[in-house]
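Q: Provided below for reference: sequence and predicted model.
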Amino acid sequence: MEESFLHMLHEHPLSRIPDSAQKTDYDRLCLGCSRYFLPGDATYGCSSNGCRFQWLLHKECMEMPREIMHPLHPSHPLTLHFLENISESIKCAVCNVWGVYRLHYRCSAGCDGLILHLACAGARNEKHPPMEHPSHPEHPLRFSRKTRWCPFPCDACGATEKGDSYICTLCDYSIHESCALLPESKDFPHHHHPLSLSFYVPHVYIRYDFYCAICNLTLPLRCWVYHCHLCSYVVHLNCATSTVDNENENANAIGDEKEVTTVFPIAVDDMYEEIIRPFVKRQKGQILIPHHHLDHDHDDNHNISGKYSFSNHPHLLTFITFPSSSSSSSSHHHYKKDKEDEDDFPRLELTCDGCTLPICVKKQTDGDGYESGYMSCDECKYFLHLSCFNLPPHIPSLPLHHREDHNLLMLQNSAKLMGWIKCKICYAYTNGLYYACTYKYCSFVTDIKCASLPNTMKHAAHPRHNYLNLVTGNYGYNYCGNCDDLITPLQGQYRCNSCRFSVCRKCVMLPATNKHRLEKHLMWLTYDSYVNRPGEFYCSSCENRMSPRSWMYHCRDCDQSFHPECFPATSGYFRNIKYGAEQYVISSIHDHPLRFQIISNKKRCDLCHDDRYNEPGFQCASCFFVACLFCGVKHMDGATPV
């Protein structure tokens, strides 16, 4: 049986128009709210021959009572009236908008000016009284059903959606009913402190360009946010209140999780094991592993007979096994001082001339004896990890340089003190091994560590989702989630497919720990130093203000923080430089032996008097003489290696 309704202001019954009917074909507006009928709206109309659907009403407008009492005019009731035409000369007493629709309320006693729109009259009821909302203290907000039928931009969450709303009839201000009822403080599962509701983005998040901690998108300045005062944690309104559990979302997971074993960041002593060695194994079809046998005559010296040539070194190399009783490479015979050696330089750890990383004794994990030693030159202080020795001398391509006829050749600059190359991926200098494009007009070069990075990784800075994938090619530009540097397609980036989180390869290579002379504790690379630590951050080295959302080396016990770039030898532009391989006597500038290293004894060069602190240079431990790299290289013609 067809549903019908008898309206007090119309002589014919109003019948329900089926949802399948094209209501827009009638080219009519609702007589009550003067809005179009949208698909899915419950609509009633008169089908009589004389009316021919001239009467069309939304169900909500049709069910408005004949008479109401309104607080705006408590002395008389307001009755429902019908006009043949919309009057533009009459103003609604609630919203002050000129023009009333054909169905409206007016004072039953005929008081002048007491005319109300149906929606404005319907906003004053016991269920939805006017709301004094702290987000809009100037005027009360009135409940409105008009926005059920037409999407509107919410001034709270920023979403453009249909739904009941609270609006200011004097201002252009409207918010969803669900947003208006949000608590000013609430506990959420995605943060360990209660979050406070703010009706605008607080200045501290604008100042340091914070993103939403959940979706990693920008924060609209005029929209509401939930944030933590103690942790500088801020999220969008919809991200905070979403009922969808995104914690285990892993849209970018790969098929075989066993392939992803590398978790970044990595400590300096572990970078070789976690980056270089897996790369060599992935290139197993192109590497040459030296075959050798034990020389029992030299077994006590841990030597293995045989000499091996290396394409980037003029001398033959010998394979040296690690001492079985030692746990540190510093005990290797290459750096043992002679009794006659009277210089004051400290004994240095063994450093690979290929990857410029320490050569450390590691426990065997695969049982193949693959890393039982390292390669050494008997004629000079040249050392290589075994895997660096086995790096393929040429490779057809890399993910970041995948072009036809652009083969990559492994090279090394023989001059350790000059002629450094700058990696096109991480922009750091290196005097170790690197790959260079052989194409005539291509200048692509990359450090072997950047060349060895995996295609998929996990990172502690982004625990919400499991994997970050290496993105290359025409994926547009993006900004690093740490340093905010623009990431170009040539550099590549590690990006989360579940959100917009990205990390440039320079920041990926930051070591997990660092040690500074101003801090007695070992400091970890942290991404949430602001947790439980309100206030400003200042670098204890350069004394500049730090962004609380940037990665930093931080000691919570001492409350000391450092920029990663304030560790030039481990995480700055000179982190891929090998220091201290030789001592030089440069008689034209100083009588004592000088060692090539990061300048830390003085702030200024003793020759040019420029500020060269924490930069590469020559330093004397005997008398604290310091020469910057530029001044030292100028006088290298008369230098004598010690």
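A: Ah, there it is.

Q: Just the C-alphas of stretch 496-514, formatted as CSV.
A: Output of stretch 496-514 as CSV, limited to C-alpha atoms (Å, rounded to 0.1, in the frame of the first residue of the first chain):
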residue,chain,number,x,y,z
CYS,A,496,55.7,4.1,2.9
ASN,A,497,52.9,3.1,0.7
SER,A,498,50.4,3.2,3.5
CYS,A,499,51.0,6.9,4.2
ARG,A,500,53.1,9.7,2.8
PHE,A,501,56.1,9.1,5.1
SER,A,502,59.4,9.4,3.2
VAL,A,503,63.1,9.4,4.1
CYS,A,504,65.9,10.5,1.9
ARG,A,505,68.9,8.2,1.6
LYS,A,506,71.2,10.6,3.4
CYS,A,507,69.1,10.3,6.5
VAL,A,508,68.7,6.6,6.1
MET,A,509,72.5,6.3,6.5
LEU,A,510,72.6,8.1,9.8
PRO,A,511,74.2,5.8,12.4
ALA,A,512,72.1,4.5,15.3
THR,A,513,74.5,5.8,18.0
ASN,A,514,77.0,8.5,18.3
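
Q: Pull up the gap between L197 and A627, please.
A: 59 Å (C-beta to C-beta, to the nearest Å). Yep, even glycine has a C-beta here, placed from its N, CA and C like the rest.

Q: same thing with C111?
A: 95 Å.

Q: More neighbours: which of these two?
A: A627 (24 against 14; other C-beta atoms under 10 Å).

Q: What helices and strands are in contact with the helix or strand Y494 falls within?
A: Element membership of Y494 [criterion: DSSP states H and E] is strand 493-495. In terms of contacts (3 or more C-beta pairs under 8 Å, 6 or more residues apart in numbering; DSSP states H and E), strand 493-495 is packed against strand 468-471, strand 502-504, helix 505-508.

Q: Tell me the spatial nearest neighbour of L408, not counting adjacent residues.
A: Nearest residue to L408, sequence neighbours excluded (C-beta to C-beta, 6 or more residues apart in numbering): Y435, at 4.1 Å.

Q: The residue at minimal distance from the centre of the chain: what's it in contact with?
A: Note on the chain: the residue nearest the mean C-alpha position is G481, at 2.6 Å, using C-alpha atoms, centre = their mean. Going by C-beta atoms under 8 Å, 6 or more residues apart in numbering, G481 touches Y211, N216, A461, H462, F501, S502, V503.

Q: go on, L195?
A: Taking C-beta under 8 Å, 6+ apart as the definition, contacts of L195 comprise S185, K186, D187, F188, Y226, H227, C228, Y233, V235, A240.

Q: on that earlier part again, looking at the contacts of G481, spot the one nearest P314.
A: Distance to P314 across the contacts of G481 (C-beta to C-beta) is lowest for V503, with 39.1 Å.

Q: That closest one - how many residues pack around it?
A: 25.

Q: Was I right to think it contacts C480?
A: Yes: with contact defined as C-beta atoms under 8 Å, V503 reaches C480; the gap is 5.9 Å.

Q: Just among the contacts of G481, which is most surrounded?
A: Of those, with other C-beta under 10 Å as the count, V503 tops at 25 neighbours.

Q: For the residue nearest to that one when sequence neighbours are not counted, give the beta-bridge partners.
A: Spatially, and ignoring its direct neighbours in sequence, V503 is nearest to Y494 (4.8 Å; C-beta to C-beta, 6+ apart). Under DSSP bridges, the beta-bridge partners of Y494 are L470, V503.

Q: To what extent is Y494 buried, counted in neighbours?
A: Considering only other C-beta under 10 Å, Y494 is surrounded by 28 other residues.

Q: OK, contacts around it?
A: M457, H459, L468, N469, L470, V471, S502, V503, R505, V508.

Q: State the distance from it to S571.
A: 17 Å.

Q: for P74, phi and psi?
A: The phi and psi values for P74, taken as degrees, to the nearest 10, are phi -70, psi -10.

Q: Next one: it from L357, what distance?
A: 83 Å.

Q: What distance separates the opening and closing residues of stretch 593-602?
A: 17 Å (C-alpha to C-alpha, to the nearest Å).

Q: could you pull out the helices for the stretch 501-642 of the chain?
A: 505-508, 629-634 (DSSP state H, counting those that start in this stretch).

Q: thinking again about what came up before, which residue in the contacts of G481 has the weakest pLDDT?
A: Here the lowest pLDDT out of the contacts of G481 sits on N216, with 79.

Q: Test my guess that that residue contacts V503.
A: No: at 11.3 Å, N216 does not count as touching V503 under the criterion of C-beta under 8 Å.

Q: any residues in contact with both of V503 and C480?
A: With C-beta under 8 Å, 6+ apart as the test, V503 and C480 both reach Q493.

Q: In JSON lines: the helices and strands packed on strand 493-495, plus distance to T318.
A: Shown next, in JSON lines, are the helices and strands packed on strand 493-495 (distance: least, C-beta to C-beta, whole Å):
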{"stretch": "strand 468-471", "distance to T318": "37"}
{"stretch": "strand 502-504", "distance to T318": "39"}
{"stretch": "helix 505-508", "distance to T318": "34"}
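
Q: least reliable of the ones you listed going by mean pLDDT?
A: Minimum mean pLDDT among the helices and strands packed on strand 493-495: strand 468-471, a mean of 82.

Q: Which residues does that strand contact?
A: 252, 399-400, 453-459, 462, 492-497, 501-503.

Q: So which bits of that strand are buried?
A: By neighbour count on 16 or more other C-beta atoms under 10 Å, the buried set for strand 468-471 is L468, N469, L470, V471.

Q: Who are the packing partners of the helix or strand just after that strand?
A: Going down the chain from strand 468-471, the next helix or strand is strand 478-479, by DSSP H and E. In terms of contacts (3+ C-beta pairs under 8 Å, 6+ apart), strand 478-479 is packed against strand 486-487.

Q: Y205: which element?
A: Per DSSP H and E: helix 203-207 holds Y205.

Q: Quick one: name whatever helix or strand follows that helix.
A: Next helix or strand after helix 203-207 toward the C-terminus (DSSP H and E): strand 225-228.

Q: Please put the alpha-carbon coordinates of the helix holding Y205 into PDB.
A: Provided in PDB are the C-alpha atoms of helix 203-207 (Å, rounded to 0.1, in the frame of the first residue of the first chain):
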ATOM      1  CA  HIS A 203      51.900  28.000  16.900                       C
ATOM      2  CA  VAL A 204      54.600  25.600  17.900                       C
ATOM      3  CA  TYR A 205      53.500  23.100  15.300                       C
ATOM      4  CA  ILE A 206      53.300  25.800  12.600                       C
ATOM      5  CA  ARG A 207      56.800  27.100  13.600                       C
END
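
Q: Quick one: mean pLDDT for the helix or strand L197 falls within?
A: L197 belongs to strand 195-198 when assigned by DSSP H and E. Regarding strand 195-198, the rounded mean pLDDT is 93.

Q: Kindly report the same for stretch 43-61.
A: 77.

Q: Now do the buried residues in it.
A: Buried, per 16+ other C-beta under 10 Å, within stretch 43-61: T43, Y44, G45, C46, S48, F53, W55, L56, L57, H58, E60, C61.

Q: and the residues you listed, which of them are in strands?
A: T43, Y44, G45, L56, L57, H58 (DSSP state E).

Q: farthest-separated two in the residues you listed?
A: G45 and H58 (10.6 Å).

Q: so what's the nearest residue to A240 once chain neighbours are set aside bridging to?
A: Distances taken as C-beta to C-beta, 6+ apart place Y226 nearest to A240, at 4.2 Å, with adjacent residues excluded. Here Y226 shows beta-bridge partners L197, V235, assigned using DSSP bridges.

Q: contacting residues around Y226?
A: K186, F188, L195, S196, L197, S198, V234, V235, L237, A240.

Q: Okay, and the beta partners of Y479?
A: L486.

Q: all numbers from here: first residue = 15
A: Happy to do that; since the first residue is 15 now, the last one works out to Y493.

Q: and it, how many residues sit next to it?
A: 16.

Q: Show me what N590 bridges to in the sheet.
A: Bridge pairing for N590 - DSSP bridges - gives T444.
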